[in-house]
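K.L.:
sequence and predicted structure, then a few things I'm wondering about:
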Amino acid sequence: MQNPVRQLANWGFIVSGQKIMKEGLTFDDVLLIPKKSRVFSRKDVSLKIQFSRNIELSTPIVSANMDTVTESRMARFLAEAGGIGIIHRFLSIEQEVEEVKKVKRAENIVIDDPYTIYPHQTIAEARKIMGGDSVSGLLVVDEKKRLLGIITLRDILFENDDAKNVSEVMTKKVITAPVNISSSKAKEILHKYRIEKLPLVSKNGVVKGLITSKDILKKSQNSITSKDKKGRLLVGAAIGVKDDALARTKSLLDAGADAIVIDIAHGHNIRAMETVKILKKKFRGIEIIAGNVATAEGTIDLIKAGADAVKVGIGPGAACTTRVVTGVGVPQLTAIMDSVRAASKFGVPIIADGGVKNSGDFSKALAAGASSVMIGSLFAGTDEAPGEYIIEDGVAYKLYRGMASRDAAQDKIKLDASTGLSTGGGADGFSRSPEGKAGRVTYRGSAKNVIGDLIGGLRSSMSYLGAKNIKEFSQNAEFIKITPASFKEGQARN
């Protein structure tokens, strides 16, 4: 029988004392080997994937739950593109809830909770609500939510006296419909009366919802949009594992969040696993994404606790310094492959989080078995990300920071002080070295450009491997390890 140590060496392990040192690889260490292909058009491939046990997406892209990446505008864009955005948690509960509601109201055949205003409020207040929430009209109601009229931007376009009450300029004769009206019938009414908004009211006139012509039109035009059973855009929201976890989760679910992401740097942690168990027990039907982990063991423990998807990545992010500060981590490609092997036994999807610099890395992550890929820095420089761009020496930038950076930590402490709760981001009673950095990224224009690059590269990669869907892509994938000279050979040269 062969010596066990020698056998391990043959398998690619290095044995040193009692420690078995496994080789770890990341995206730049490998290439995908091309295969015989019967894919004649790159448009023919399907990009549908399982984001979690019960959520399917048309596009395998997730925007990161970072405060310089995802709030309602980015989440809305991602859902419209077939993916999903995760609202970051470094807001008060009320603020995060409002971000979720903005996404849910954005494109919906039936808006369950339309924006309203009272008749005694002023035109100035109406302008503020419509401007702040990017809506073109408000339903005017009394204290019992009975419909009195409607006020739109058109009603106040040329109004100079903003001190007037809403009741003086609102449209009082409003076409309405019953709550259970079909979309086809609603479309007929909107067309017949040439109106854009159709309030849904009960028999006693109480507002129960709203249908808009814009949302009906969007539904017919875009077949890849990520939507829930009510026709609303999908959106995820992040929570921590400390004081406000339960209260925040309940509020986010009540607002319509489709997935709750437990946001913790080291997901293979007893507190994270207990949080998953508690939430699963307390909130029936909740969809939980847990992480981050980088090992098969961490993946299995989170799945056994009840996770519906596992987020993988310790230290590969562009603004993450965990590996430098702590010496801890696993190269991202190896972490993904190990986690995928473990999760496949349970049928639970893996979300690759971090390390993606271009469409090639994006494709390699999916080829390694990830069901979707979380994007941070690439989206941070876009219009849809929070914050304004700055111009310096003729070049435009946007700010970007890791959520474990010193700047972010200071803001979290301020948030905790203002709410009286712990978001999980403040000091733990001792001095902690930051595991992230703050900086800036090049301004990229619309996030549409980033998605176009990622999806275009992925479709090409799938055609090289003869894959018509993501599952085939992973099955057909064969990696070849390359040398630094091979990597250099593959770069464009003048």
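P.N.:
Happy to help now that I have it.
K.L.:
now do the contacts for Gly236.
P.N.:
Residues in contact with Gly236 (C-beta atoms under 8 Å, 6 or more residues apart in numbering) are 62, 65, 75, 84-87, 257-261, 289. From N, CA and C alone the C-beta is placed, and that goes for glycine too.
K.L.:
swap that for Thr171, sorry
P.N.:
Listed by C-beta under 8 Å, 6+ apart, the contact partners of Thr171 are Gly149, Ile150, Ile151, Thr152, Asp155.
K.L.:
now with 6 Å, please.
P.N.:
By C-beta atoms under 6 Å, 6 or more residues apart in numbering, the contact set of Thr171 is Gly149, Ile150.
K.L.:
got the confidence number for it?
P.N.:
pLDDT for Thr171: 92.
K.L.:
now swap in Val293 and tell me
P.N.:
Value for Val293, per-residue pLDDT: 97.
K.L.:
Asn269 is in contact with that one, correct?
P.N.:
No - using C-beta atoms under 6 Å, Val293 makes no contact with Asn269, being 9.3 Å away.
K.L.:
looking at the two, which has the bigger crowd around it?
P.N.:
For Val293 and Asn269, the more surrounded residue by other C-beta atoms under 10 Å is Val293, and the numbers stand at 31 against 17.
K.L.:
returning to what we had before: top of the contacts of Gly236 by number of neighbours, please.
P.N.:
Counting by other C-beta under 10 Å, top hit in these: Gly85 with 34 neighbours.
K.L.:
in a strand, that residue, correct?
P.N.:
Yes - counting by DSSP: H, G, I helix; E, B strand; the rest coil, Gly85 is part of a strand.
K.L.:
excluding its backbone neighbours, what's nearest it?
P.N.:
Once flanking residues are discounted, Gly85 sits nearest to Ala75: 3.0 Å by C-beta to C-beta, 6 or more residues apart in numbering.
K.L.:
by contact count, what packs against the helix or strand harbouring that neighbour?
P.N.:
Here Ala75 sits within helix 72-80, counting by DSSP states H and E. Here helix 72-80 touches strand 84-87, helix 93-106, going by 3 or more C-beta pairs under 6 Å, 6 or more residues apart in numbering; DSSP states H and E.
K.L.:
what do you get if the cut-off is 10 Å, keeping everything else the same?
P.N.:
strand 61-63, strand 84-87, helix 93-106, strand 236-239, helix 377-380, helix 447-464 (3 or more C-beta pairs under 10 Å, 6 or more residues apart in numbering; DSSP states H and E).
K.L.:
strands along the stretch 1-150 of the chain, start to end?
P.N.:
Under the criterion DSSP state E, counting those that start in this stretch, the stretch 1-150 of the chain contains strands at 13-16, 19-22, 30-32, 49-52, 55-57, 61-63, 84-87, 116-117, 137-141, 147-152.
K.L.:
just put the ones you listed in TSV and tack on distance to Leu399.
P.N.:
Putting the strands of the stretch 1-150 of the chain into TSV (distance: least, C-beta to C-beta, whole Å) gives the following:
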stretch	distance to Leu399
strand 13-16	41
strand 19-22	37
strand 30-32	33
strand 49-52	28
strand 55-57	28
strand 61-63	16
strand 84-87	18
strand 116-117	35
strand 137-141	34
strand 147-152	36
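K.L.:
in the chain, which residue is most central in space?
P.N.:
Nearest residue to the geometric centre of the chain (C-alpha atoms, centre = their mean): Gly85, 1.9 Å.
K.L.:
for Tyr118, see how far away that residue is.
P.N.:
33 Å (C-beta to C-beta, to the nearest Å).
K.L.:
quick one: low-confidence residue ranges for the stretch 201-350 of the chain.
P.N.:
Applying pLDDT under 70 to the stretch 201-350 of the chain picks out residues 218-222.
K.L.:
about what we covered before: what sits in contact with each of Val293 and Asn269?
P.N.:
Asp301, Leu302 (C-beta atoms under 10 Å, 6 or more residues apart in numbering).
K.L.:
can you dump the C-alpha atoms of stretch 21-28 in PDB for me?
P.N.:
Taking C-alpha atoms only, stretch 21-28 is exported to PDB below (Å, rounded to 0.1, in the frame of the first residue of the first chain):
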ATOM      1  CA  MET A  21      -1.600  22.300   2.800                       C
ATOM      2  CA  LYS A  22      -4.100  22.300   0.000                       C
ATOM      3  CA  GLU A  23      -3.400  24.300  -3.200                       C
ATOM      4  CA  GLY A  24      -5.800  27.200  -3.800                       C
ATOM      5  CA  LEU A  25      -6.500  28.800  -7.100                       C
ATOM      6  CA  THR A  26      -8.300  32.000  -8.200                       C
ATOM      7  CA  PHE A  27      -9.600  33.200 -11.500                       C
ATOM      8  CA  ASP A  28      -6.300  34.400 -12.900                       C
END
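K.L.:
what comes up buried for that stretch?
P.N.:
Across stretch 21-28, burial judged by 16 or more other C-beta atoms under 10 Å covers Leu25, Thr26, Phe27, Asp28.
K.L.:
what's the domain layout of this structure?
P.N.:
27-104+225-488, 116-221 (automatic domain parsing).
K.L.:
ok, and the closest non-adjacent residue to Thr334?
P.N.:
Closest residue to Thr334 apart from its sequence neighbours, by C-beta to C-beta, 6+ apart: Gly24 at 4.3 Å.
K.L.:
dihedrals phi and psi, the one you found?
P.N.:
phi -120, psi 140 (degrees, to the nearest 10).
K.L.:
OK, contacts around it?
P.N.:
Ala294, Gly329, Val330, Pro331, Gln332, Leu333, Thr334, Ala335, Asp338 are the contacts of Gly24 under C-beta under 10 Å, 6+ apart.
K.L.:
I figured the second one hits Val293, correct?
P.N.:
No - contact status for Gly329 versus Val293: not in contact, 11.2 Å apart, counting by C-beta atoms under 10 Å.
K.L.:
what do the two both touch?
P.N.:
Gly313, Ile314, Ala335.
K.L.:
most neighbours, which of these?
P.N.:
Neighbour max across these (other C-beta under 10 Å) = Ala335, 32 neighbours.
K.L.:
tell me if that residue really is in a helix.
P.N.:
Yes - assessed with three-state DSSP, Ala335 lies in a helix.
K.L.:
mind listing what the nearest residue to Ser463 once chain neighbours are set aside touches?
P.N.:
Excluding the flanking residues, the one nearest Ser463 by C-beta to C-beta, 6+ apart is Val39, at 4.4 Å. Taking C-beta under 10 Å, 6+ apart, we find Val39 in contact with Val45, Arg459, Ser460, Met462, Ser463, Tyr464, Leu465, Gly466, Ala467, Lys468, Glu472.
K.L.:
distance of the fifth one relative to Gly298?
P.N.:
Ser463 is 34 Å from Gly298, where distance means C-beta to C-beta.
K.L.:
which one's more surrounded, those two?
P.N.:
Legend: neighbour count by other C-beta under 10 Å for Ser463 and Gly298, higher for Gly298 (27 against 21).
K.L.:
show me what the helix or strand harbouring that one is packed against.
P.N.:
Per DSSP H and E: Gly298 is located in helix 296-305. Helix 296-305 makes packing contacts with helix 270-282, strand 288-293, strand 309-312, helix 332-344 when contacts are defined by 3+ C-beta pairs under 10 Å, 6+ apart.
K.L.:
tell me which helix or strand comes right after the shortest one.
P.N.:
If I follow you right, that is strand 309-312. Following strand 309-312 toward the C-terminus (DSSP H and E): helix 322-326.
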